[in-house]
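> quick one: sequence and predicted model below, then my questions.
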Amino acid sequence: MSQGALDRLSLNQITTEQWNLKEAIEGCIRHEVPWISVWRHKIEEFGLAESARMIKDSGLKVSSLCRGGMFPAATASERQGRLEDNFRAVEEAAELGTDTLVLVCGPAPDRDIDQARKWVEEGIEKLVPFAEQHGVKLGIEPLHPMYAGDRSVVNTLGQANQMAEKYNPSQVGVVVDVFHVWWDPDLYNQITRATGKILGFHVSDWILPVPDIFKGRGMMGDGVIEINRIRQAVERAGYLGPIEVEIINQSIWDRPGDDVLTEVKQKFAEHV
């Protein structure tokens, strides 16, 4: 992607986990990054109203809020508690000025993965009317199968598409994160299937050896993912919105945030 396309670049806040929200906003302004994706744990430090004010005053646009989801739980009361947390997440997204809440759908509380997937679908069904009232779309993000045990039982874009297709694209869609889907032999068919329903596109890279299951992502161009090819496929499927750089990596978190953003912009221009 050319330097001229940097107007689509969004800093997913987890990439600069070392920064609080105020520092991330200031970093985006210094580096002329026009978009930011906010994580809920970063809002807590300043409170929702102050977080929303800081973003609005900065002129930054919010590409998404991460995250809702985590629907499965062992008891009905726990599942209701999870749903109520999702209601709060929807309200936060609306207050921050984004129309996209990313759903990391959650693991099975026991070994029954099929039941957990049903609970995910039930949770989304209950959340949709509330989200629609607030002008917020739900973006189902499939996670790589290695996260099926502890983060999400939705592991392919095909699964996410099947869930999203029950709804109007103005209510529910999918989020394509190259780290999670690059390996899928049916990926490009599923991207085409998602035409008109893609709510977000996230980039990083799969580096070798993977340094950590959770904190194992690399900078774009440092690994094995055909990022540019996936980006073009997503665009053919109608997605022309912001592109979030979402890199979870301890060695990157240990670096100064300004150095990280400088490299993010360079790698984005070269490899996305």
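Structure's in. What do you need?

> which SSE is immediately downstream of the helix or strand where residue 199 lies?
Taking DSSP states H and E as the definition, one finds residue 199 inside strand 198-203. Tracing the chain past strand 198-203, the next element assigned as helix or strand by DSSP H and E is strand 205-206.

> for whichever helix or strand comes after that following strand, what does the pLDDT average out to?
Per DSSP H and E, strand 205-206 leads on to strand 217-218 as the next helix or strand towards the C-terminus. Along strand 217-218, the predicted confidence averages to a pLDDT of 98.

> counting contacts, what elements does the very next helix or strand once past strand 217-218 pack onto?
Following the chain from strand 217-218 toward its C-terminal end, the next helix or strand by DSSP H and E is helix 227-236. Packed against helix 227-236, as judged by 3 or more C-beta pairs under 8 Å, 6 or more residues apart in numbering; DSSP states H and E, are the following elements: helix 178-181, helix 187-193, strand 198-203. In short, each C-beta sits where N, CA and C put it, glycine included.

> now render the ones you listed as TSV, adding mean neighbour count, mean pLDDT and distance to residue 96.
As requested, those are arranged in TSV below (neighbours: other C-beta atoms under 10 Å; pLDDT from 0 to 100; distance: least, C-beta to C-beta, whole Å):
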stretch	mean neighbour count	mean pLDDT	distance to residue 96
helix 178-181	24	98	24
helix 187-193	18	98	28
strand 198-203	26	98	15
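
> make TSV out of those and add distance to residue 131.
As requested, the helices and strands packed on helix 227-236 are arranged in TSV below (distance: least, C-beta to C-beta, whole Å):
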stretch	distance to residue 131
helix 178-181	22
helix 187-193	23
strand 198-203	12
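
> out of those, which comes closest to residue 31?
Comparison of the helices and strands packed on helix 227-236 against residue 31 by C-beta to C-beta identifies strand 198-203 as nearest, at 16.7 Å.

> off-centre distance for the closest one?
Relative to the chain's own centre, strand 198-203 is displaced by 7 Å; criterion: C-alpha atoms, centre = their mean, to the nearest Å.

> now do stretch 250-264
Counting by C-alpha atoms, centre = their mean, stretch 250-264 is centred 19 Å from the centre of its parent chain.

> isn't there a strand covering residue 77?
No. According to DSSP: H, G, I helix; E, B strand; the rest coil, the state of residue 77 is helix, so it is not within a strand.

> what lies in contact with stretch 7-22?
Outside of stretch 7-22, the residues that reach it under the criterion C-beta atoms under 8 Å, 6 or more residues apart in numbering are 1, 23-24, 27-28, 33-39, 42-43, 45-46, 51, 54, 63, 66, 202, 240-248, 252-255, 257, 260-261, 264-265, 268.

> quick one: name whatever helix or strand follows the helix or strand hosting residue 132.
Here residue 132 sits within helix 113-133, counting by DSSP H and E. Moving toward the C-terminus from helix 113-133, the first helix or strand encountered (DSSP H and E) is strand 137-140.

> run through the neighbouring helices and strands of that following strand.
Strand 137-140 packs on strand 100-104, helix 113-133, helix 157-164, strand 172-177, strand 198-203, going by 3+ C-beta pairs under 8 Å, 6+ apart.

> got JSON lines for the ones you listed, with distance to residue 231 too?
Supplementary listing: the helices and strands packed on strand 137-140 in JSON lines, determined by distance: least, C-beta to C-beta, whole Å:
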{"stretch": "strand 100-104", "distance to residue 231": "18"}
{"stretch": "helix 113-133", "distance to residue 231": "27"}
{"stretch": "helix 157-164", "distance to residue 231": "15"}
{"stretch": "strand 172-177", "distance to residue 231": "9"}
{"stretch": "strand 198-203", "distance to residue 231": "7"}
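
> out of these, which is closest to residue 76?
With distances scored as C-beta to C-beta, the stretch of those nearest to residue 76 is helix 113-133 (10.1 Å).

> what does the closest one rub up against?
If you take C-beta under 8 Å, 6+ apart as the criterion, helix 113-133 is touched by 68-69, 71-73, 79, 82-83, 86-87, 90, 101, 103, 105-109, 137-138, 140, 148, 153-154, 159, 163, 166-167, 170-172.
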